[in-house]
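I'll drop the sequence and a predicted model, then ask my questions.
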Amino acid sequence: MAKLTKLDDIVSLCKRRGFIFQSSEIYGGLASCYDYGPLGVELKRNVREAWWKSVVKMRDDVVGLDCSILMHPMVWKSSGHADKFADLVTVCKKCNARTRVDHLKDHAEEHTEHVPIETAQVDAQNLSKKVCPGCGKIGQFGEPMAFKLMFETQMGANADDTMSLWLRPETAQGIFANFKNVLDSTRVKVPFGIAQIGKSFRNEVTTKAFIFRTREFEQAEIEFFCEPGTDEQWYEHWKEKRFAWYIDHGIDPENLRFRDHDPDELAHYAKACVDVEYKFPFGSGDWQELEGVANRTDFDLRQHQRGMRSINDWYENDRDLTKITLKEEAEDYHKGPLSYFDEQKKERYIPYVIEPSAGIDRSTLAFLVDAYDEEEVKGETRNLLRFHPALAPTKVAVFPLVKKHGMPEIATKICDDLKKSITCFYDQKGAIGRRYRRQDEAGTPYCITVDGQTSEDNTVTVRDRDSMDQERIAVDQIKAYMRDKLDM
Ligand code: ATP
């Protein structure tokens, strides 16, 4: 069932229940930076874990990696980020709001679908029909300017030997830089993938909507290396797998769709790109990118090969490596240091790459929004998060009905026992109904209650979050019951 949840309700629940806080709030906050509280940190860990499980643990053809955030500046030179990673921005002459040119919408399309515009050669005249999201004025924009997206920092203690470095704007390049290390140290054979989860940093022009777009965020990326010619088939494979992952973890299929990039929207090296979009409840209910799946051809490995060859040259001439011509590149580039030798075919080539690139924070927001629900129960509003059990921060809560007759002791024992394998929470404070409601709001799938009957027949009640149905089960069956219900 599609529902329109207000983002304000999510933000307020997140703060009230300790999912997400504004960063540095005691000092007035730091724009677009957020901290995950006790429930949020568990939720985010579970999102990460679910991704890792599906792309690394459950497959035989993907291995993991964890690279450092700071990397040699040549990495960003070769990838093209040092010269090109910028957004085109414009300032509204009426209200001074700064907006990304590709985020502006035409007056007529304001409430229709997001149509990105070609930003490469835009001038103020091209923006005559665009609406300022700040004040609503049409076509009142200054000349677009490039805005560098990478954060710079210094490495080294002494003023004369410090080196400028960038905080990585994506995790992908660490994977390409380690392609050879992984090949040489494992038994992987093409086709195979390398997966990584980690923080990335972008000095975004406009941040928006809570944790949707922040300047520090976590990415989950796979670079899947395959033989040229098989790339289209692997592209379809990953499209399907990644779309299914969101549905399998509870996203309503009505709120998820693909959006293929138009040919003029594609990066020059990409053969195809599709966004998995989620219907986020911003503004009038907008489809927004959750993840991109791209066919990046052999561009990245070739770029790093060029970088390896021209490292001294670059330091001297500060060249844009993406502009090196085929003639300047060695003619036998496909036999270069980042090439792959196919033992069976006795052939060397630079693999093509399919890249599914997701955001952990952005998907966490989508899971929160999709799980959020309100319903009337006996004249009262029940707020709940219908999380998939794999994502729920707490899987089980255990309560004694009252704080006497030995019930707390039995409940504590059950909880301690479950904690060895399941995230479990003990609560003995307040009326039982209120305790159930608190767990509904935290998204806990099951509540176990020890009551007067427990000491007589060794049974407890188990309450289901979504249906609120209760059933009695034997204490010695709890573990097996939970394992079955939580699919562990
Ligand atoms: P956008 O067009 O929204 O800026 P993008 O196309 O630049 O995104 P990619 O470079 O493809 O994004 O990054 C892959 C994924 O990383 C995105 O689909 C998103 O989930 C996540 N991501 C990118 N930028 C941010 C950000 N500033 N805050 C949170 N998540 C982000």
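Ah, there it is.

drop to CA atoms for contacts and neighbour counts, all remaining ones
OK.

What sits closest to Glu374 if chain neighbours are left out?
Distance criterion Cα to Cα, 6 or more residues apart in numbering; nearest residue to Glu374, sequence neighbours excluded, is Asn383 at 4.6 Å.

can you list the residues of the stretch 251-400 of the chain near the ligand?
Contacts of the stretch 251-400 of the chain with the ligand, taken as Cα under 6 Å from any ligand atom, map to Glu289, Leu290, Glu291, Gly292, Ser357, Ala358, Gly359, Asp361, Arg362.

The stretch 101-250 of the chain too?
Within the stretch 101-250 of the chain, the positions near the ligand by Cα under 6 Å from any ligand atom are Phe212, Arg213, Thr214, Arg215, Phe217, Gln219.

Go again with 8 Å.
Contact residues, the stretch 101-250 of the chain versus the ligand (Cα under 8 Å from any ligand atom): 170, 201-204, 207, 211-221.

How many residues are close by the residue nearest to Glu374?
Using other Cα atoms under 10 Å, Asn383 has 19 neighbouring residues.

isn't it right next to Glu375, touching?
Yes - counting by Cα atoms under 8 Å, Asn383 does reach Glu375; the two are 6.7 Å apart.

show me what contacts Tyr349?
By Cα atoms under 8 Å, 6 or more residues apart in numbering, Tyr349 lies in contact with Glu227, His334, Lys335, Ser339, Tyr340, Phe341, Asp342.

Who is it paired with across the strands?
As for beta bridges, Tyr349 partners with Tyr340 under DSSP bridges.

what pLDDT does it get?
pLDDT, the model's per-residue confidence, is 96 for Tyr349.

I'd like to know how far Ser339 sits from Ala411.
Per Cα to Cα, to the nearest Å, Ser339 is found 60 Å from Ala411.

between these two, who's got more neighbours?
Ala411 (25 against 19).

Just say helix, strand or coil for that one.
Secondary structure, DSSP: H, G, I helix; E, B strand; the rest coil: Ala411 is helix.

Now do it against Asp464, distance only.
For Ala411, the distance to Asp464 equals 18 Å [Cα to Cα].

before we move on, back to that, name the pair among the contacts of Tyr349 with the greatest separation in space.
Across those, no pair lies farther apart than Glu227 and Lys335, at 14.1 Å, counting by Cα to Cα.

Please, which helix or strand holds the residue nearest to Glu374?
Asn383 belongs to strand 380-385 when elements are defined using DSSP states H and E.

what are the pairing partners of that strand, and which direction each?
Paired strands of strand 380-385, with direction, are strand 372-377 (antiparallel) (DSSP bridges).

Kindly state the pLDDT recorded for Leu104?
Reported pLDDT at Leu104 in the predicted model: 84.

pull the helix or strand with minimum mean pLDDT from the chain.
Within the chain, judged by mean pLDDT, DSSP states H and E, the helix or strand with the poorest mean is helix 311-317; its value is a mean of 63.

Spit out the contact partners of the residue nearest to Glu374.
Counting by Cα under 8 Å, 6+ apart, Asn383 touches Tyr372, Asp373, Glu374, Glu375, Arg437, Asp440, Glu441.

wait, which of the residues you listed is closest to the ligand?
Closest approach between the contacts of Asn383 and the ligand, by Cα to the nearest ligand atom: Tyr372, at 20.0 Å.

check contacts around that closest one.
Thr5, Ile10, Asn383, Leu384, Leu385, Arg386 are the contacts of Tyr372 under Cα under 8 Å, 6+ apart.

Over to Pro351?
Pro351 makes contacts with Val190, Phe225, Cys226, Glu227, Pro228, Thr297, Asp298, Leu301, Ser339, Tyr340, as judged by Cα under 8 Å, 6+ apart.

Quick check on the residues you listed: which are buried?
Using 16 or more other Cα atoms under 10 Å as the burial test, these include Val190, Phe225, Cys226, Glu227, Thr297, Asp298, Leu301, Ser339, Tyr340 as buried.

Setting aside sequence neighbours, what's the nearest residue to the fourth one?
Closest residue to Glu227 in three dimensions, ignoring its sequence neighbours and counting by Cα to Cα, 6+ apart: Pro351, at 5.3 Å.

how much space between the one you found and Asp300?
Separation of Pro351 from Asp300 (Cα to Cα): 10 Å.

Using CSV, write out every CA atom in stretch 470-483.
In CSV, the C-alpha atoms belonging to stretch 470-483 read as follows (Å, rounded to 0.1, in the frame of the first residue of the first chain):
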residue,chain,number,x,y,z
GLN,A,470,-0.1,-13.1,20.7
GLU,A,471,0.6,-16.8,21.0
ARG,A,472,1.9,-18.9,23.9
ILE,A,473,5.1,-20.9,23.5
ALA,A,474,7.2,-23.0,25.8
VAL,A,475,10.3,-21.2,27.2
ASP,A,476,12.6,-24.0,25.9
GLN,A,477,11.2,-23.3,22.4
ILE,A,478,11.9,-19.6,22.3
LYS,A,479,15.3,-19.8,20.6
ALA,A,480,14.1,-22.1,17.9
TYR,A,481,11.0,-20.1,17.4
MET,A,482,12.9,-16.8,17.0
ARG,A,483,15.5,-18.4,14.7
